[in-house]
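Participant: Okay, sequence plus prediction incoming.
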Amino acid sequence: MADTTLMDKLVSLAKRRGFVFQSSEIYGGLGSVWDYGPLGVELKKNVKDRWWRAMVHARDDIEGLDAAILMHPRVWEASGHVAGFTDPLVDCKTCKARFRADKLEDARCPQKPSKKPGEHTACELTEPRLFNLMFKTFMGPVEEQAATIFLRPETAQGIYVNYQNVLNASRQKVPFGIAQIGKAFRNEITPGNFIFRTREFEQMEMQFFVEPGTDMEWFEFWKAERLEWHKSLGLAPDRLNYHQHAGTELAHYARAAFDIEFDFGGSLGFQEIEGIHNRGDFDLSRHQEYSGKRLEYVDQAANKRYIPFVVETAAGPNRTLLALLVNAYREEKVEGEDEGRVVLGFHPSLAPIKAGVFPLVKKDGMPEFADKLAKDLRKSFPVFYDESAAIGRRYRRQDEVGTPFCLTVDGQTLQDGTVTLRDRDTLKQERVAADRVGEIIKERIAL
Ligand code: ATP
């Protein structure tokens with residue numbers, strides 16, 4: 001399978017089977033905005049649940065938060081986003097296309113794609129101008145400067161401004177963290193590659209507050225921990241690596257930064273799926289300065305006061321979902337069958353549907369038995385009941401959406417109460433008691 005076409009195959013499968021649809025498609029779509037269909041929403045939810053469990057529930061030193069998308073406009077002055085969250089842009093006066101000045105090398109002239117912008121005789125590029133990536137809107141009925149607010153471009157600031165609220169309410173002590181999952185918006189200039197870079201997306205961010213001087217130790221801890229998490233989702237270890245930010249790549253607030261990258265194959269190759277940053281005391285100091293509120297931590301036992309340093313882990317469920325699709329997709333021959341199959345080999349805990357339930361034929365009480373079994377299993381996990389088409393077709397439909405198990409009710413079921421349990425990956429079938437199969441599947445999908 002050529003890697004260059006993998007993304008096209010995924011876009012088509014994602015639409016056909018209800019993972020991802022283009023936003024407002026019946027109106028021609030909205031640039032780089034995507035909707036998640038019945039299976040996509042389950043897959044994304046499973047990714048977020050896995051993150052929440054690892055970062056919040058499994059630890060006693062991290063608290064959850066759900067801050068609002070709209071925030072006081074001063075937040076974005078303090079954070080540096082009003083002044084600094086910009087990309088240098090050039091416009092082509094001829095074709096009206098817009099390019100990032102620092103990415104011209106990777107861009108193509110829309111009129112002559114074999115050339116870069118500026119190389120075609122008709123190109124007329126402007127000087128670079130700075131363009132702020134934040135979406136602006138107005139709060140209240142008056143569209144005037146005073147009422148301008150922004151859609152948040154990251155979830156982190158909601159955590160910093162609540163740092164003291166959470167500290168007081170939870171009675172945590174430094175070192176401790178605050179985690180949040182939520183929407184973020186960036187008017188990206190070079191969005192694309194399906195759901196890789198979009199203008200509306202979600203983030204899963206955790207800010208860990210530590211005593212200055214212990215920050216690099218915690219940075220190393222979280223760097224290792226987060227890589228392990230991505231592996232635990234089933235992403236192939238040899239497709240994951242670290243990329244260190246150095247020199248001009250390092251953001252203005254960062255003392256150290258590493259990306260965790262995944263190899264998306266084809267022309268995309270290794271790309272960031274999560275950033276781990278040592279932000280020092282930049283954020284809390286700035287909010288202390290701009291809000292006039294003291295944000296120092298008082299360590300009574302050691303009789304010390306300081307502004308904590310922050311180690312941030314910033315991931316995105318949308319990009320993780322794309323990595324999971326790329327990682328899981330395989331086309332293979334099935335022994336004894338002419339037609340091959342497409343499989344999404346998701347880790348069972350992430351699969352949107354956990355089991356397909358089929359009556360072998362639509363008679364002799366099999367549909368009734370299978371329907372009752374499906375209803376029972378739905379109390380524990382998502383199940384798809386299917387009685388249409390030949391059994392092989394039904395298996396293949398479930399393989400294509402990553403369902404790890406299929407249960408078939410056949411003639412023997414009606415005699416001894418057993419069903420066949422088929423494994424998506426090994427294709428092995430075993431006979432198990434219908435009243436035990438729910439427990440067996442739960443055990444196998446457990447983490
Ligand atoms: P990039 O350089 O790839 O645009 P970034 O360095 O700006 O990303 P961060 O600000 O560190 O990204 O955001 C943390 C995570 O949020 C990223 O690793 C990614 O998973 C996700 N993310 C950021 N921007 C987008 C986007 N436009 N679309 C989808 N996910 C995004």
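Facilitator: Sure thing, it's come through.
Participant: The residue nearest to Asp281 when sequence neighbours are not counted and Gly177: what is the separation?
Facilitator: Leaving aside its sequence neighbours, Asp281 sits nearest to Ile307 (C-beta to C-beta, 6 or more residues apart in numbering; 4.3 Å). To be clear about C-beta, it is placed using only N, CA and C from the backbone, and glycine gets the same treatment. Relative to Gly177, Ile307 is positioned 16 Å away (C-beta to C-beta, to the nearest Å).
Participant: What residues are bridge-paired with the nearest residue to Leu250 once chain neighbours are set aside?
Facilitator: Using C-beta to C-beta, 6+ apart and skipping the chain neighbours, the partner closest in space to Leu250 is Ala257 (5.8 Å). Beta-bridge pairing for Ala257 (DSSP bridges): His277.
Participant: Pull out the buried positions in stretch 393-413.
Facilitator: Under the neighbour-count criterion of 16 or more other C-beta atoms under 10 Å, stretch 393-413 has 394-410, 413 buried.
Participant: And for stretch 270-288?
Facilitator: Residues of stretch 270-288 classed as buried under the neighbour-count rule (16+ other C-beta under 10 Å) are 271-284, 286-288.
Participant: just stretch 51-59 next, same as before
Facilitator: For stretch 51-59, a neighbour-count test (16+ other C-beta under 10 Å) marks Trp51, Trp52, Ala54, Met55, Val56 as buried.
Participant: In CSV, could you pull the C-alpha coordinates for the host helix or strand of Asp8?
Facilitator: Using DSSP states H and E, Asp8 maps to helix 6-16. Backbone C-alpha positions of helix 6-16 (Å, rounded to 0.1, in the frame of the first residue of the first chain) are rendered in CSV as follows:
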residue,chain,number,x,y,z
LEU,A,6,-3.3,6.4,2.9
MET,A,7,-4.7,9.7,3.9
ASP,A,8,-7.2,9.7,1.0
LYS,A,9,-8.3,6.2,2.0
LEU,A,10,-8.8,7.3,5.6
VAL,A,11,-10.8,10.4,4.6
SER,A,12,-13.1,8.3,2.5
LEU,A,13,-13.5,5.5,5.1
ALA,A,14,-14.0,8.1,7.8
LYS,A,15,-16.9,9.6,5.9
ARG,A,16,-18.4,6.4,4.6
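Participant: Which neighbouring elements make contact with it?
Facilitator: strand 20-22, helix 317-328, strand 329-332 (3 or more C-beta pairs under 8 Å, 6 or more residues apart in numbering; DSSP states H and E).
Participant: Look up the closest residue to Asp423, ignoring the ones flanking it.
Facilitator: Distances taken as C-beta to C-beta, 6+ apart place Phe405 nearest to Asp423, at 6.6 Å, with adjacent residues excluded.
Participant: Intersect the buried residues of stretch 270-288 with the contacts of the ligand.
Facilitator: Glu272, Ile273, Glu274, Gly275 (C-beta under 6 Å from any ligand atom).
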